[in-house]
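**Q** Here is my input, please return the structure:
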Amino acid sequence: MDPQAPLSDRIQHLVDANREYPRWADFPAAPTDVPAPGVIATRVAGLDQTGQAVSQSAAAIDWTFVDDPDAWAASVRGRVAGARMSLATARTAAEIEAFAQSLRERAEPPPPIDPRQ
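**A** Residues are numbered from 1 along each chain as shown. Coordinates of the predicted model:
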């Protein structure tokens, strides 16, 4: 360290004040509730088995569309058409836009009151 540096005295003071830190007594005690190595190994093996089962399930999924995407789309539309929908989801885009506009109009503040009245 350069003794001519403007902060050299301050740095040396901090180093000297903390020369004994950290002490072994300042470190936390070793944990006492750590599972035994056999228990950890069993848990890891269980996670490995679960991961393999998930991988096998994902591999069994047919991730591609069938040869006829139009037929597939029609079957999906049929399933959706048979499902019950709430009134909000049955609205058309124009109805939703009109509802949003009515909310915007309600949100506008009233005109200012003429103080001369």
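**Q** for the helix or strand of the chain with the lowest mean pLDDT, which positions count as buried?
**A** Scoring the helices and strands of the chain by mean pLDDT, DSSP states H and E places helix 69-82 at the bottom, with a mean of 86. Buried residues in helix 69-82, counted by 16 or more other Cβ atoms under 10 Å: none are found. All C-beta atoms are positioned from the backbone trio N, CA, C, and that covers glycine.
**Q** what's the following helix or strand after that helix?
**A** Following helix 69-82 in sequence order, the next helix or strand is helix 93-107 (DSSP states H and E).
**Q** Low-confidence stretches in this protein?
**A** Counting by pLDDT under 70, the chain has low-confidence residues at 1, 65, 85, 87-90, 117.
**Q** Please enumerate residues in contact with the longest helix along it?
**A** Counting residues, the longest helix found in the chain (DSSP state H) is helix 37-60. With contact meaning Cβ atoms under 8 Å, 6 or more residues apart in numbering, helix 37-60 is reached by P35.
**Q** From the chain's centroid, how far away is it?
**A** 24 Å (Cα atoms, centre = their mean, to the nearest Å).
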